[in-house]
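1. Predicted model and sequence follow; I will ask about them next.
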Amino acid sequence: MRVRRFEWIEAEGTAAAIRRWTAEKAPAVDVASIEREVREGGDAALLRLTERFDATERSPQALRVDPGAIADALASLDPSIRESLDLAIANVRAVAEAQLDGGHRQVDLPQGQTVTLRSVPAGAAGIYAPGGRASYPSSVLMGAVPARAAGVERLALATPPGPGGSISPLVLATAALCEVDEIYAIGGAQAIFALAYGTETIAPVDVVAGPGNAWVREAKRAVSGTVGIDSLAGPSELMLIAGHDVDAEWAALDLCAQAEHGGDGPLLAVAVEEAVLEALATATERAAAERRSVGEAPLALVQVPDLSDAIDLANAFAPEHLELLEEDAALLADRVTTAGCVFAGRYSATAFGDYVAGSNHVLPTGGAGRFSGPLGPGVFRRSIATVEVSAGAAAKLAPHVEALARAEGFPVHGESAMIRR
């Protein structure tokens, strides 16, 4: 783990300095050539790109996974894993359904017209789940469950094949539990472009959602506008604010857990007391050295003047995950405005949110929490307005339409309204 101490400047300046440092080793990402290949080459390009970029040692036999392989994976699923998956799916579904708006809302206005707002699901959604040398069934359910709760009719999953050219049976079984309709063995930027534009095998979708590496993030940025996207979710991040009574070993494991995602995502430990910060640094470096799965993630250490400054730093940094390991965590949580997800209290480890708490682990990263939030059913739904203008309302409203339309230089707009008086 790469550890660096940052001197406190003020919230915005310190956050910017940490972002610059953690981005120093980020790879240069250009997805334009991949976009061109997928749009021009279709299925054949996807197979070439899969062989070139994904962890597979041989190309998959087909892009779409055979439904029989999915059924076999579900049938052979370990009962204890099935129990945990069922729990996670039920909790995420309960939180997702609680976010739905309940249908129609009619607004009756004084002039006699009505505006009815209704929410309808997207027709088709594509879920991206990272994979390759590892498998992430949790990312499958975090994307698929809110989409199903939203009422999406067609649900496609794209995930990279493993070294043997196939997808993990655990991922296939999880997709079956989440009622995914189609599964494709493709990953990276090419998967995002295939879902957005379609190929001979893959029909295009209306919304693309799910986490991924920098290439996936930039591909989502590129297709935004052609399809809807959830957020620019990139490498995992964790900021931890530690109080005087923090258990340094617990906190160290929380930081190391996020470092299992690799060396790209920033970690940030903040404390008021110097002794607490030193204890966190020592415990984290020791825990990382003892665990082979922990990557070389950058860990920034910041001593702040007081807790108010710590919250200001969190709001300036906009971390994906924010742990408040403080006595007054619940009160402090109310002051947080930009984090993707806040974990309040010493027992609220980020790992619970990654799997079974019910919150969604697809969260904005890289500071995107300033304008976006967790993946939820709202990503897969859109609003439609229906306007009904009665004869009486038309008579009252038309002169106002004519006045405004003529002021803008659109006289026929005014005629269109005035003819209905």
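-> Right, received. Where do you want to start? It should be emphasised that the depicted structure is a prediction, and the values quoted were computed from it without experimental measurement. Numbering: from 1, shown residues only.
2. ok, and for the top helix by length along the chain, which residues are buried?
-> As assigned by DSSP state H, the longest helix anywhere in the chain is helix 32-53. By neighbour count with 16 or more other C-beta atoms under 10 Å, helix 32-53 contains the buried residues I34, E35, E37, V38, G42, D43, A45, L46, L47, L49, T50, F53. Heads up, the C-betas are built off the backbone N, CA and C, glycines and all.
3. now do stretch 364-375
-> Within stretch 364-375, the residues that count as buried by 16+ other C-beta under 10 Å are P364, T365, G366, G367, A368, G369, S372, G373, P374, L375.
4. Stretch 300-310 now?
-> Buried residues in stretch 300-310, defined by neighbour count with 16+ other C-beta under 10 Å: A300, L301, V302, Q303, V304, L307, D309, A310.
5. pull the CA atoms of it into PDB?
-> Written as PDB, here are the backbone C-alpha positions of stretch 300-310 (Å, rounded to 0.1, in the frame of the first residue of the first chain):
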ATOM      1  CA  ALA A 300      -3.800   9.500   2.100                       C
ATOM      2  CA  LEU A 301      -3.500  10.500   5.800                       C
ATOM      3  CA  VAL A 302      -4.900  13.800   6.900                       C
ATOM      4  CA  GLN A 303      -5.000  15.400  10.400                       C
ATOM      5  CA  VAL A 304      -7.700  18.000  10.600                       C
ATOM      6  CA  PRO A 305      -8.300  20.700  13.200                       C
ATOM      7  CA  ASP A 306     -11.700  19.400  14.200                       C
ATOM      8  CA  LEU A 307     -14.600  17.200  13.200                       C
ATOM      9  CA  SER A 308     -16.300  20.000  11.300                       C
ATOM     10  CA  ASP A 309     -13.300  20.300   9.100                       C
ATOM     11  CA  ALA A 310     -13.400  16.500   8.500                       C
END
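6. which residues touch it?
-> 3-6, 8, 11, 14, 18, 21-22, 241, 266-274, 277, 280-281, 313, 326, 332 (C-beta atoms under 8 Å, 6 or more residues apart in numbering).
7. bridging residues for V207?
-> Here V207 sits in beta bridges with A125, G228, going by DSSP bridges.
8. residues touching it, list them.
-> For V207, the contacting residues are A122, A124, A125, G126, A147, V152, V227, G228, I229, D230, V379, F380, by C-beta under 8 Å, 6+ apart.
9. Tell me which helix or strand comes right after the longest helix of the chain.
-> Where DSSP states H and E defines the elements, the next helix or strand beyond helix 32-53 is helix 67-75.
10. name the helices or strands packed onto that next one?
-> Counting contacts by 3 or more C-beta pairs under 8 Å, 6 or more residues apart in numbering; DSSP states H and E, helix 67-75 packs against helix 169-177.
11. the inter-axis angle of the helix it packs on versus helix 67-75?
-> Here the directions of helix 169-177 and helix 67-75 differ by 100 degrees (axes from the mean of the first three to the mean of the last three C-alpha atoms, to 10 degrees).
12. For A28, the count of nearby residues, please.
-> Using other C-beta atoms under 10 Å, A28 has 5 neighbouring residues.
13. Next: V216.
-> V216 has 26 nearby residues by other C-beta under 10 Å.
14. What pLDDT is listed against it?
-> What the model reports as pLDDT for V216 is 92.
15. Could you tell me how far it is located from A185?
-> 16 Å (C-beta to C-beta, to the nearest Å).
16. do the same with G41
-> Separation of G41 from A185 (C-beta to C-beta) stands at 17 Å.
17. next one: R148
-> Note on R148: its distance to A185, by C-beta to C-beta, is 22 Å.
18. what does T159 give?
-> T159 is 7 Å from A185, where distance means C-beta to C-beta.
19. Which residues are in contact with A209?
-> Contacts for A209 (C-beta under 8 Å, 6+ apart) come out as A125, G126, I127, Y128, G143, A147, I229, D230, V362, L375, V379, F380.
20. which element is the nearest residue to the third one once chain neighbours are set aside on?
-> Okay, so that is I127. Nearest non-adjacent residue to I127, counting by C-beta to C-beta, 6 or more residues apart in numbering: G143, 3.6 Å away. In this structure, G143 sits in helix 137-150 according to DSSP H and E.
21. Quick check: mean pLDDT of that helix?
-> 96.
22. between the helix or strand following it and helix 169-177, how big is the angle?
-> Using DSSP H and E, the next helix or strand after helix 137-150 towards the C-terminus is strand 154-158. Interaxial angle of strand 154-158 relative to helix 169-177 (the same axes, to 10 degrees): 170 degrees.
23. what's next to strand 154-158, contact-wise?
-> The contact list for strand 154-158 (C-beta under 8 Å, 6+ apart) reads 123-129, 140, 143-144, 147-148, 175, 178-184, 186-187, 191-192, 194-195, 202-203, 205.
24. Please apply the same query to stretch 110-117.
-> 104-109, 383-390, 392-393, 396-397.
25. Now restrict the residues you listed to buried residues only.
-> By 16+ other C-beta under 10 Å, the contacts of stretch 110-117 give V389, A393, L397 as buried.
26. Next step: those residues restricted to strands.
-> Judged by DSSP state E, strands contain none of the buried ones among the contacts of stretch 110-117.
27. What is the nearest of those to D72?
-> V389 (57.7 Å; C-beta to C-beta).
28. Check the contact between the closest one and L397; I expect there is one.
-> Yes. Shown here, V389 and L397 form a contact pair, counting by C-beta atoms under 8 Å, at 7.0 Å.
29. In strands, which of the contacts of stretch 300-310 fall?
-> Those of the contacts of stretch 300-310 lying in strands (DSSP E): V3, R4, R5, F6, I241, L267, L268, A269, V270, A271.
30. Which among the contacts of strand 154-158 count as buried?
-> Judged by 16+ other C-beta under 10 Å, buried ones among those: 124-129, 140, 143-144, 147-148, 175, 178, 180, 182-184, 186-187, 191-192, 194-195, 202, 205.
31. for the helix or strand where L299 lies, what is the average pLDDT?
-> Using DSSP H and E, L299 sits in strand 298-303. For strand 298-303, the mean per-residue pLDDT is 96.
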